[in-house]
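In: I would like the atomic coordinates for the input below:
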Amino acid sequence: MDEPRLETTYRRGRPLAAYYYLPGPAGCKSSQSVELEPGIVVDFARGGRPLGVEIIDPTTITVRAMNRVLRKIGAEPLRREDLGPLLAA
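Out: So this is what the prediction gives:
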């Protein structure tokens, strides 16, 4: 996968969970998950490469919190519009 992407699961029209996939080779599996901010968990592959970011409660996520996590793991920051579907819900 070349570009990050956000996948959101909805229930009764409200976001229930979200996952922000990071760029990287397909087929990697998570070997460790670490909560780096309240409600934001990063999945790492064996060897420490970050795979994605699980957003536990999408209704409370902020771009600032996400960018703090992305900086910690060396990933590109996102823009407000990247979280548009979550922020609009």
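In: Need phi/psi at the most far-flung residue of the chain relative to its centre.
Out: Centroid-distance maximum for the chain: Arg12 at 21.9 Å, with Cα atoms, centre = their mean. Main-chain torsions, Arg12, degrees, to the nearest 10: phi 50, psi 40.
In: ditto for Gly24
Out: Dihedral angles of Gly24 (phi, psi; degrees, to the nearest 10) stand at phi 160, psi 180.
In: pLDDT wise, what is the residue nearest to Gln32 when sequence neighbours are not counted at?
Out: Take Gln32 and drop its neighbours on the chain: the residue closest to it by Cβ to Cβ, 6 or more residues apart in numbering is Phe44, 4.7 Å away. C-betas here are computed from N, CA, C, even on glycine. Listed pLDDT for Phe44 reads 96.
In: How much space separates the residue farthest from the centre of the chain from Leu83?
Out: Distance of Arg12 to Leu83, computed by Cβ to Cβ, to the nearest Å: 21 Å.
In: Could I get the contacting residues of Leu86?
Out: For Leu86, the contact set (Cβ atoms under 8 Å, 6 or more residues apart in numbering) comprises 6, 8, 15, 18, 55, 58-59, 61.
In: Could I get the buried residue list for stretch 76-89?
Out: For stretch 76-89, a neighbour-count test (16 or more other Cβ atoms under 10 Å) marks 78, 82-83, 86 as buried.
In: From these, pick the one nearest Gly39.
Out: Gly39 lies nearest to Leu86 out of the buried residues of stretch 76-89, by Cβ to Cβ, at 12.2 Å.
In: Tell me which of the buried residues of stretch 76-89 fall in strands.
Out: The strands, defined by DSSP state E, take in nothing from the buried residues of stretch 76-89.
In: among the residues you listed, which two are most distant?
Out: Leu78 and Leu86, at 11.1 Å, using Cβ to Cβ across those.
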